[in-house]
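Peer 1: here's a sequence, model it:
(2 chains)
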Amino acid sequence: MGLSDTDLRAIWLTLRLATTVTLLLLLIGTPVAWWLARTRSRWKGPVGAVVALPLVLPPTVIGFYLLLAMGPQGVVGHLTQWLGLGLLPFTFWGLVVASVFYSMPFVVQPIQNAFEAIGQRPWEVAATLRAGPIDRFFSVMLPLARPGFITAAILGFAHTVGEFGVVLMIGGNIPDKTRVVSVQIYDHVEALEYAQAHWLAGSMVIFSFLVLLALYTFSPSPPKVTT
Amino acid sequence: MRWIGPLRVLALYVAALSPALADDVAVAVAANFTAPMNAIAEAFHAETGHTAKLVFGASGKFYAQITNGAPFQVFLSADAELPAKLIEDGLADASSRFTYAIGSLVLWSAKADVVDARGAVLKTGAFTRLAIANPKTAPYGRAAIETLTTLGALAAVEPTFVQGESIAQTFQFVQTGNAELGFVALSQVMKEGKVTEGSAWIVPAELHAPIRQDAVLLNTGKDNVAAAALLAYLRTDKAKALIRRFGYTF
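Peer 2: Modelled structure (predicted):
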């Protein structure tokens, strides 16, 4: 007994997905968090609400609408077909797009909190020392916000690993492409392969515990997990 | 004996709320049987006064839930194995088991003119996604694989597979157009004895092993009048006629 070959491939795929999504989210989420932390625009409320939507919506709602949006009649589907990319559901990149949306609040919110906690002052002081905005951002704000980034990366990664409903709805359960660990566990349970389900599910419990343990041990201010 | 008064009031109140002898039965129903079962439950209620509370889902999940104490009294499975297993586990009444329907498989597309009347499209390969239910867990998925094997088309179309976790999800993939075609349950696309939407090939029964769907009375429903009544009702000609309209056979 133990983890089978298909289990290991599902684990590998899941890690690849979570890494890709985390890197993309740090790239996309940082400017969003920066803007949310500093803006006085009346759009702050609506944008913040859109970012937080996945915290509230059941994954089946997100998965269902993504399936429609990315399908041949959907807005995203029209766009990807026009770009010559084909349709996104049932592909690795379809899962990436869905996960980026789904894990967005887990990355944006810690970074936004970090920026807000730093406040305006270091930014202004650096300005009086004639640092340009880009220099100020990379040499002052980014290092100060580091704990927020670490929390964001860990939560974004862990949340993508733990995703189930969305990947079930748009994945299509294709080995090596969309069959991630959570779906594989569901498969085992449905097929009454309880021993295999235990191996994989148990590994998942241990993994999640270690991630959170790391977060609570090394993070100066443990994140408030909202879901 | 001051408590007798309020108790009697309560008893009268409860009696007044429930019509004479009418009872509730909680039924776990395989997802492919959703449409006919809704219709049957309605007719069942009208005729007997009993209420069937229906929960639809994947049969494998129901098995896991029932073995862990889920409060269902009747199980309408998508296959014959799971009810047999529950009997083996000592959780269901062996004498109550019977085949309530034999499922039919259909190759279906949401678009007209994609699927021809003989399923030749499987050989032309003029599609990029073919949706099937997970053959490991869903009997309709197994039947799809058997059909493709019989036709000698399995190897050619296998790379185009996308798998739904249940027949309901497989249907969703095809209906949203994300898969051009797929093997779904005939009951999902049949209305009043006809396939009204898209294009379809009803797979001849001899191309795969019969999809026998068995019902069983669970131990939790042993003393439930409505549970026994529902199982009896499923065997009446009236119920059978209704089930047939959704493309099932016996």
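
Peer 1: what is the burial count for the closest residue to B:Ala153 other than its chain neighbours?
Peer 2: If the residues on either side of it in the chain are set aside, B:Ala153 comes closest to B:Leu122, at 4.7 Å by C-beta to C-beta, 6 or more residues apart in numbering or on different chains. Every C-beta, even on glycine, is put in place using the N, C-alpha and C of the backbone. Residues within reach of B:Leu122, counting by other C-beta atoms under 10 Å in any protein chain shown, total 24.

Peer 1: surely B:Leu122 is in a strand?
Peer 2: No. If the criterion is DSSP: H, G, I helix; E, B strand; the rest coil, then B:Leu122 is helix and not within a strand.

Peer 1: surely it is in contact with B:Val115?
Peer 2: No. B:Leu122 sits out of contact with B:Val115 when judged by C-beta atoms under 8 Å, with a separation of 9.0 Å.

Peer 1: in chain A, which ranges drop under the pLDDT threshold?
Peer 2: A:1, A:219-227 (pLDDT under 70).

Peer 1: ranges for the strands of chain A?
Peer 2: Counting by DSSP state E, chain A yields no residue ranges for strands.

Peer 1: tell me which parts of it are close to chain B?
Peer 2: With C-beta under 8 Å from any C-beta of the partner chain as the criterion, chain A comes near chain B at residues A:67-68, A:70-73, A:86-87, A:89-90, A:168-169, A:172-174, A:183, A:186-187, A:189-192.

Peer 1: overlap in contacts of B:Leu122 and B:Val115?
Peer 2: B:Leu107 (C-beta atoms under 8 Å, 6 or more residues apart in numbering or on different chains).

Peer 1: show me the residues of chain A next to chain B that map onto helices.
Peer 2: Among those, DSSP state H puts A:67-68, A:70, A:168-169, A:183, A:186-187, A:189-190 in helices.

Peer 1: closest one to A:Val100 out of the residues you listed, please.
Peer 2: Nearest to A:Val100 out of these is A:Met70 (C-beta to C-beta; 12.8 Å).

Peer 1: wait, what's in contact with the closest one?
Peer 2: Contacts of A:Met70 by C-beta under 8 Å, 6+ apart are A:76-77, A:80, A:87-89, A:94, A:97, A:170, B:178.

Peer 1: out of those residues, which is most surrounded?
Peer 2: Ranking these using other C-beta under 10 Å puts A:Pro89 first, with 32 neighbours.

Peer 1: and the strands in chain B?
Peer 2: B:24-30, B:51-57, B:74-76, B:92-103, B:105-109, B:130-133, B:161-164, B:181-185, B:190-191, B:194-195, B:199-202, B:211-218.

Peer 1: how about those strands in TSV, adding mean neighbour count and mean pLDDT?
Peer 2: TSV is the format used below for those (neighbours: other C-beta atoms under 10 Å in any protein chain shown; pLDDT from 0 to 100):
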stretch	mean neighbour count	mean pLDDT
strand B:24-30	23	93
strand B:51-57	17	91
strand B:74-76	27	97
strand B:92-103	18	95
strand B:105-109	26	95
strand B:130-133	30	95
strand B:161-164	26	94
strand B:181-185	29	95
strand B:190-191	18	84
strand B:194-195	14	86
strand B:199-202	20	94
strand B:211-218	23	96
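
Peer 1: Throw those into a markdown table and include distance to chain A, thanks.
Peer 2: Below are the strands of chain B laid out as a markdown table (distance: least, C-beta to the nearest C-beta, whole Å):
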| stretch | distance to chain A |
| --- | --- |
| strand B:24-30 | 12 |
| strand B:51-57 | 10 |
| strand B:74-76 | 15 |
| strand B:92-103 | 15 |
| strand B:105-109 | 12 |
| strand B:130-133 | 8 |
| strand B:161-164 | 3 |
| strand B:181-185 | 11 |
| strand B:190-191 | 22 |
| strand B:194-195 | 21 |
| strand B:199-202 | 16 |
| strand B:211-218 | 16 |
